[in-house]
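Trainee: Starting from these lines, generate the structure:
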Amino acid sequence: MKKRIYLIITLILSLFVVIASAEMYLRYIGLGDPIVYDRNYVYGYAPKQNQKKVRLHNSIVTINDVGLRSVINWQDKHDYKKIIFYGDSVTYGGSYIDDRETFVYLSCEKFEELKVLCGNAGVNSYGIHNIFYRSKYDERIKNVYLKVFIIVPDDFYRGLQNSNTAHFYLNEKKFFLPAIFEALSFFATKYDLNNYISKLDDTKINDNKIDLINETIKFIKLELKELEAKNQKYLAFYIPPRDKSDISQYIFNSLDKDVDIINTNYLLNKNSYVDGIHLNKSGHKIVSNFIYKNLMQILKSN
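Mentor: Have a look, this model is predicted:
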């Protein structure tokens, strides 16, 4: 009887040690306190205001008082010119890149003395519709001097993503063992059991991917023409994937016929990326130098 009790106690203690060790490790690598989001019917979702989190590799992610990734609050900066970058996770920078290492911050760090502020409205998993609808409908970030759109090929066949996308948190609840819960949330979303049962895909008909791309290209052209009609200044940059593809080239060529879009293709090489599309620190710095020059031309002319 005593041996059985000792065995049970040993098992319980061992399990406790394993769970505690896992929680400590996951917190150490940056999990447990994720960025949280608000849902929105028009542009899908966006980060909640006023957050500052320590994430992967001790990178700081700051969301300011108007829901932008920025180390500066905006509401009391009424006499500043506002430049906002719109895009997906490439623009946002990811939780592995510190606020001050993103190309948005690096492009603009010298501008504050000119009374110019830059904000990062890039959001993970955004498609083209999310990007342009947030530009149009997010009431917190109106009266924008210059809108900068960062476009990547993946955005063209995502459609309008909603708040159920990926593993985003929509609440600020404090969970028990928060790092383990965040890891579980990620894996439960990524490896959803439905993907292996009801959503196991054996589609054999044409999925109309290229048609969706073409419709999205039309949408961009219409949105940019609307900005021009309103005399809204804007820039658009195209960031290609690490491994060039026919679809990526097709998207750029189709846009380039009617839209003033700047290609960063010649700036970047395979060492500029952390994966197939996201930039590493070196890539962010390269892109920031290029964007800075383009921004300066506009600021000097006005």
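Trainee: so what's residue 35 up against?
Mentor: Residue 35 makes contact with 47, 51, 53, 55, 61, 63, 95, 169, according to C-beta atoms under 8 Å, 6 or more residues apart in numbering. C-beta: built from backbone N, CA, C; applies to glycine.
Trainee: now with 7 Å?
Mentor: Contacts were defined as C-beta atoms under 7 Å, 6 or more residues apart in numbering; by that measure residue 35 touches 47, 51, 53, 61, 63.
Trainee: mind checking pLDDT for residue 111?
Mentor: pLDDT for residue 111: 86.
Trainee: Could you do residue 260 as well?
Mentor: 88.
Trainee: Just list the residues touching it, thanks.
Mentor: Listed by C-beta under 7 Å, 6+ apart, the contact partners of residue 260 are residue 236.
Trainee: Secondary structure element for it, which one?
Mentor: Assigned by DSSP states H and E, residue 260 belongs to neither a helix nor a strand.
Trainee: can you give me phi and psi for it?
Mentor: Per-residue torsions, residue 260: phi -80, psi 90 (degrees, to the nearest 10).
Trainee: for residue 238, same thing?
Mentor: For residue 238, the backbone dihedrals are phi -110, psi 120 (criterion: degrees, to the nearest 10).
Trainee: Residue 263 is in contact with that one, correct?
Mentor: Yes: Residue 238 sits in contact with residue 263 when judged by C-beta atoms under 7 Å, with a separation of 5.0 Å.
Trainee: what about the two, which has more around it?
Mentor: Set residue 238 next to residue 263 and count neighbours by other C-beta atoms under 10 Å: residue 238 wins out with 20 against 13.
Trainee: mind checking the SS state of residue 31?
Mentor: coil (DSSP: H, G, I helix; E, B strand; the rest coil).
Trainee: Burial check on the closest residue to it other than its chain neighbours, number of neighbours?
Mentor: Excluding the flanking residues, the one nearest residue 31 by C-beta to C-beta, 6 or more residues apart in numbering is residue 179, at 4.2 Å. For residue 179, the count of nearby residues is 21 (other C-beta under 10 Å).
Trainee: Against which helices or strands is the helix or strand hosting residue 179 packed?
Mentor: Secondary-structure element containing residue 179, defined by DSSP H and E: helix 178-190. Secondary structure elements in contact with helix 178-190, counted by 3 or more C-beta pairs under 7 Å, 6 or more residues apart in numbering; DSSP states H and E, are helix 2-28.
Trainee: So for the helix holding residue 179, could I get the coordinates as CSV, restricted to C-alpha?
Mentor: As requested, C-alpha coordinates have been extracted for helix 178-190 and formatted as CSV (Å, rounded to 0.1, in the frame of the first residue of the first chain):
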residue,chain,number,x,y,z
PRO,A,178,-0.5,31.0,-20.2
ALA,A,179,2.6,30.0,-22.2
ILE,A,180,1.4,26.4,-22.5
PHE,A,181,-2.1,27.6,-23.4
GLU,A,182,-0.7,29.8,-26.2
ALA,A,183,1.3,26.9,-27.6
LEU,A,184,-1.8,24.7,-27.4
SER,A,185,-3.8,27.4,-29.1
PHE,A,186,-1.3,27.6,-31.9
PHE,A,187,-1.1,23.8,-32.5
ALA,A,188,-4.9,23.4,-32.1
THR,A,189,-5.4,25.9,-34.9
LYS,A,190,-2.6,24.8,-37.1
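Trainee: could you give me the average pLDDT of that helix?
Mentor: When pLDDT is averaged over helix 178-190, the result is 80.
Trainee: what inclination does that helix have with respect to helix 2-28?
Mentor: Using axes from the mean of the first three to the mean of the last three C-alpha atoms, to 10 degrees, the direction of helix 178-190 lies 80 degrees away from that of helix 2-28.
Trainee: Pull out the buried positions in helix 178-190.
Mentor: Along helix 178-190, the positions that meet the burial threshold by neighbour count (16 or more other C-beta atoms under 10 Å) are 178-183, 185.
Trainee: would you turn these into JSON lines with distance to residue 274?
Mentor: Putting the buried residues of helix 178-190 into JSON lines (distance: C-beta to C-beta, whole Å) gives the following:
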{"residue": "178", "distance to residue 274": "26"}
{"residue": "179", "distance to residue 274": "22"}
{"residue": "180", "distance to residue 274": "25"}
{"residue": "181", "distance to residue 274": "26"}
{"residue": "182", "distance to residue 274": "20"}
{"residue": "183", "distance to residue 274": "20"}
{"residue": "185", "distance to residue 274": "22"}
